[in-house]
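Enquirer: Here's my sequence, what's the structure:
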Amino acid sequence: MPQHLTVVTHPLIQHKLTLMRDKDTSTAVFRQLLREISQLLAYEITRDLPMTTVRIETPLQPMDAPTLAGRKLALISILRAGNGLLDGMLELIPSARVGFVGLYRDEKTLEPVEYYFKVPDLLDERVVIAVDPMLATGNSSAAAVTRLKQAGATDIRFLCLLAAPEGVARMKDAHPDVPIVTAALDERLNEKGYIVPGLGDAGDRMFGTK
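Expert: Numbers count the residues shown, from 1 in each chain. Model prediction:
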């Protein structure tokens, strides 16, 4: 996955994203759509996972059949909204190991502050996929990736639902080795740091909080 940014234009993804953007879409439907779209995005971001072969027997004869190589991949949710992408991805990749990074923004310094970090072991031997629905300023995402690298991860990919140009630039500057897969690159950030046109606050819409 060499390119830094991949926008997945599959018709099903774009259709579901439009429904999610609609302000009248209910919490329950939003959550279901997020689960569905996360599986489609997971399909794209895992397209080039390393493969090997294993000797099996079909009902007709033995064969060397393709299978995933290496350790089970690690899915890392950037709390809290990342959990919405995580649920759908785990349905597609049930054997994946799971970790969590919790960050909040200090109101005075505007810098990300870590409050929770729990990840699988041997990150240096796994493909690591960090997930967060919104890549807005990119500050928290970049900080989370930095923390994963400190924990040993070397093959990291970032999956989001929506990205702003500012967030993509921030991630590319901080982590040019980390490819980003998203369903849409929106226009910009507004003065409050929200992606425009966007879909509002993904966490609030997912969990029904305001």
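
Enquirer: Contacts only, for Glu91.
Expert: 35, 39 (CB atoms under 8 Å, 6 or more residues apart in numbering). C-beta here means a position set from N, CA and C on the backbone, and glycine is covered the same way.

Enquirer: whoops, Pro112 was the one
Expert: With contact taken as CB under 8 Å, 6+ apart, Pro112 is in contact with 103-106, 139-140, 143-144.

Enquirer: What strand or helix carries the residue lying closest to it once chain neighbours are set aside?
Expert: By the measure of CB to CB, 6 or more residues apart in numbering, the closest residue to Pro112 outside its immediate chain neighbours is Ala143, 4.0 Å from it. Using DSSP states H and E, Ala143 sits within helix 139-150.

Enquirer: Am I right that Val101 is in a strand?
Expert: Yes. Under DSSP: H, G, I helix; E, B strand; the rest coil, Val101 falls within a strand.

Enquirer: Looks like it contacts Val128 (just checking).
Expert: No. The criterion here is CB atoms under 8 Å, and Val101 misses it with Val128 at 11.1 Å.

Enquirer: Please enumerate the helices of this protein.
Expert: Here the chain has its helices, by DSSP state H, at 11-21, 27-45, 82-92, 139-150, 165-174, 202-207.

Enquirer: Which strands or helices does the first one pack on?
Expert: Helix 11-21 sits against helix 27-45, strand 155-163, strand 180-185, with contacts defined as 3 or more CB pairs under 8 Å, 6 or more residues apart in numbering; DSSP states H and E.

Enquirer: how does it look with 6 Å?
Expert: Where contact means 3 or more CB pairs under 6 Å, 6 or more residues apart in numbering; DSSP states H and E, helix 11-21 is packed against helix 27-45.

Enquirer: which of the contacts of Pro112 count as buried?
Expert: Buried by 16 or more other CB atoms under 10 Å: 103, 139-140, 143-144, out of those.

Enquirer: Let's have those residues in TSV, adding distance to Asp173.
Expert: Below are the buried ones among the contacts of Pro112 laid out as TSV (distance: CB to CB, whole Å):
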residue	distance to Asp173
Leu103	18
Asn139	11
Ser140	15
Ala143	13
Ala144	15
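
Enquirer: on that earlier part again, and which of the contacts of Pro112 is nearest Leu68?
Expert: Ala144 (24.8 Å; CB to CB).

Enquirer: That closest one contacts Val101, doesn't it?
Expert: Yes. Here Ala144 reaches Val101: they are 4.5 Å apart, a contact under CB atoms under 6 Å.

Enquirer: what is in contact with those two at once?
Expert: Ile78 (CB atoms under 6 Å, 6 or more residues apart in numbering).
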